[in-house]
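Asker: Return atomic coordinates for the entry below.
(one chain, ligands or ions: 2)
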Amino acid sequence: MMNQSWVKIREGLEATVGKNNYVNWIEPLELSGLDNGVAVFRVPTNFMGNWVSRNFGDDIVQLLKSSGEAVSRLEFSVGAARAAKRAISDVPASEAKAVSRPQQAAVSKKATSVVPGAPLDARFTFDSFVVGKPNELAHAAARRVAEGGEVAFNPLFLYGGVGLGKTHLMHAIANQLRTQRPDLNVVYLSAEQFMYKFVQALRDKKMMDFKQLFRAVDILMVDDVQFIAGKGSTQEEFFHTFNALVDQNKQIIISADRAPGEIKELEDRIRSRMQSGLVVDLHPTDYELRLGILQHKVETHLVRDPSLVIADGVLEFLAHRISTNVRVLEGALTRLFAFGSLVGREITLELAQDCLADVLRSSDRKITVDEIQRKVSDHYNIRLSEMIGPRRVRNIARPRQVAMYLAKQLTTRSLPDIGRRFGGRDHTTVMHGVKRIEELRASDSQLEDDLELLRRALEA
Ligand code: ADP
Ligand code: MG
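Answerer: Residues are numbered from 1 along each chain as shown. Ligands and ions are numbered 1, 2, ... in the order given. Predicted coordinates for the structure are as follows:
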């Protein structure tokens, strides 16, 4: 069989593997021999041979069989492009062996898509992502990208603190694309894995394979890109990959723990390219979002374990008390579930407090005197400078005392320390202020309400 016939035959593969895979992986293949049930293909690189074998081997064998060839196995041999142009009959078996040891590649099952990246967490989907004010923009942008349509913004840069859902959103995009657009080659990996692959390619002298691999991607997602800051050659290679894909109008999605402008030791040209698309941040969670996430998790858990009973107020309590990091929130809930099933009774507020004492303690936020002064000034409609300044009229002195009182209650600062932060006042002044508020709150219900409101706002 001549290579020309293969050229005709292989077109049948396009429907099976999709246009992109076809162009990237199938079209470059040249059939160089067919002997004893083994079809030998010339490929430009080892990597490509392995890849094709692993992902499309079965399909190719099927196709050859159905066109009447007795083929049971494929082999790939790395050869120069010129040599590959020659007709099969021109290449003696001995030469094929000498020039390029044929790559014995076992035909294995076909992967759903060509992905050299990291595995995806199937639980990280859009369905399991709870949307609230702090993450609604990031979510909307991720949704848009997951449609796999026209590239609207490139790159999409998602940033935010630890445990706010960056990885979740990226996996959700990849998970959706894999089911709805299997023709697209979607790659997700962390910046660390990118570096690892890059270093490995350098070491094994496989840079061409590396480049080829990443240039053949339709949608590239690189998680935690702050990791490559300060890593010279990795940055450089990332930049080239990035540019090559953007030039081909391929979608790139990047995450980092901070805004591009705040990543130190990132080259300026890389930084400006990162800023050239859409930059959206995931804000720290607020109470509503935390409660929403907890409720969602409980509902999901109830499907598996309907015996779970959580008392009223427990989720609200956790949403109030646990920090903005969703991972910590989830960890707390997981422990509660385990505890609940162990003791076999309703999870009450008391039980939750007991069971999560350590988590609650460590996620107590450190409230600063400065925050207290701001919140209290806002609340009483006075200026921050007045709060700290010398005036002693009642409508300023009272809020000042409230702030001193809260500083004593909510921080670990000493009285002299607090005094210093209130315009260099003496510790006895602070003591007097704190005492005054303690006396008043017992009889003044308005003040009592104010204090409660302020405390909640500060602890939120
Ligand atoms: P990041 O990558 O930003 O550090 P992750 O995406 O790994 O954070 O999220 C940490 C955990 O919190 C994951 O288990 C994730 O499913 C969960 N999570 C974060 N945000 C949400 C959300 N909005 N809805 C549901 N789960 C969330
Ligand atoms: Mg992450």
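Asker: show me where pLDDT drops low in the stretch 301-450 of the chain?
Answerer: Applying pLDDT under 70 to the stretch 301-450 of the chain picks out residues 363-365.
Asker: What residue in it comes nearest to ligand 2?
Answerer: Per Cβ to the ion, residue 327 is where the stretch 301-450 of the chain lies closest to ligand 2, at 9.3 Å. Every residue, glycine included, has its C-beta placed from N, CA and C.
Asker: by contact count, what packs against the helix or strand that residue 240 is a member of?
Answerer: Per DSSP states H and E: residue 240 is located in helix 232-247. Judged by 3 or more Cβ pairs under 8 Å, 6 or more residues apart in numbering; DSSP states H and E, helix 232-247 is in contact with helix 191-203, helix 207-215, strand 219-223, strand 251-256, helix 268-274.
Asker: Touching that helix from outside, list them.
Answerer: Defining contact as Cβ atoms under 8 Å, 6 or more residues apart in numbering, one finds that helix 232-247 is touched by 154-155, 191, 194-195, 198-199, 202, 210-211, 214-215, 217, 220, 222, 225, 228-229, 252, 266-267, 269-270, 273.
Asker: so what pLDDT did whichever residue of the stretch 101-250 of the chain sits closest to ligand 2 get?
Answerer: Residue of the stretch 101-250 of the chain nearest ligand 2, by Cβ to the ion: residue 167 (3.2 Å). For residue 167, the model assigns a pLDDT of 97.
Asker: hang on, isn't it packed against residue 256?
Answerer: No: contact between residue 167 and residue 256 fails when scored by Cβ atoms under 8 Å: they sit 11.7 Å apart.
Asker: Hmm, residue 295 is touching residue 315, no?
Answerer: Yes: between residue 295 and residue 315 there is a contact at 6.3 Å, judged by Cβ under 8 Å.
Asker: Between the two, point out the one with more neighbours.
Answerer: Remark: of residue 295 and residue 315, residue 315 carries more neighbours, 22 against 15, as counted by other Cβ atoms under 10 Å.
Asker: quick one: secondary structure of the nearest residue to the more buried one once chain neighbours are set aside?
Answerer: Once flanking residues are discounted, residue 315 sits nearest to residue 294: 4.5 Å by Cβ to Cβ, 6 or more residues apart in numbering. Put simply, residue 294 is helix when judged by DSSP: H, G, I helix; E, B strand; the rest coil.
Asker: what does the stretch 151-300 of the chain have sitting close to ligand 1?
Answerer: Residues of the stretch 151-300 of the chain lying near ligand 1 by Cβ under 6 Å from any ligand atom: 160, 162, 163, 164, 165, 166, 167, 168, 293.
Asker: any idea how far residue 130 is from the last one?
Answerer: In other words, residue 293. Applying Cβ to Cβ, to the nearest Å, the value for residue 293 to residue 130 is 5 Å.
Asker: now the first one
Answerer: In this structure, residue 160 and residue 130 are 15 Å apart, going by Cβ to Cβ.
Asker: from what I can see, residue 280 looks like it's in a strand, true?
Answerer: Yes: secondary structure assignment (three-state DSSP) places residue 280 inside a strand.
Asker: ok so, going back, quick one: which of the residues of the stretch 151-300 of the chain next to ligand 1 sit in helices?
Answerer: Using DSSP state H, the subset of these located in helices is 166, 167, 168, 293.
Asker: filter the residues you listed to the buried ones?
Answerer: If you count burial by 16 or more other Cβ atoms under 10 Å, the buried members of these come out as 166, 167, 168, 293.
Asker: For the last one, which residues are in contact?
Answerer: I take that to be residue 293. Residues counted as contacts of residue 293 (Cβ under 8 Å, 6+ apart) are 130, 285, 326, 329, 330.
Asker: so what's the residue nearest to the spatial centre of the chain up against?
Answerer: Taking Cα atoms, centre = their mean, the centroid of the chain lies closest to residue 167, which sits 1.7 Å from it. Counting by Cβ under 8 Å, 6+ apart, residue 167 touches 124, 223, 255.
Asker: number of nearby residues for residue 184?
Answerer: Here the number of neighbours of residue 184 (other Cβ under 10 Å) works out to 21.
Asker: SS state for it?
Answerer: Of the three states, residue 184 takes coil under three-state DSSP.
Asker: do you know how far the spatially closest residue to it that is not a sequence neighbour is from residue 69?
Answerer: Nearest residue to residue 184, sequence neighbours excluded (Cβ to Cβ, 6+ apart): residue 218, at 4.2 Å. Noted for residue 218: a distance of 31 Å to residue 69, by Cβ to Cβ.
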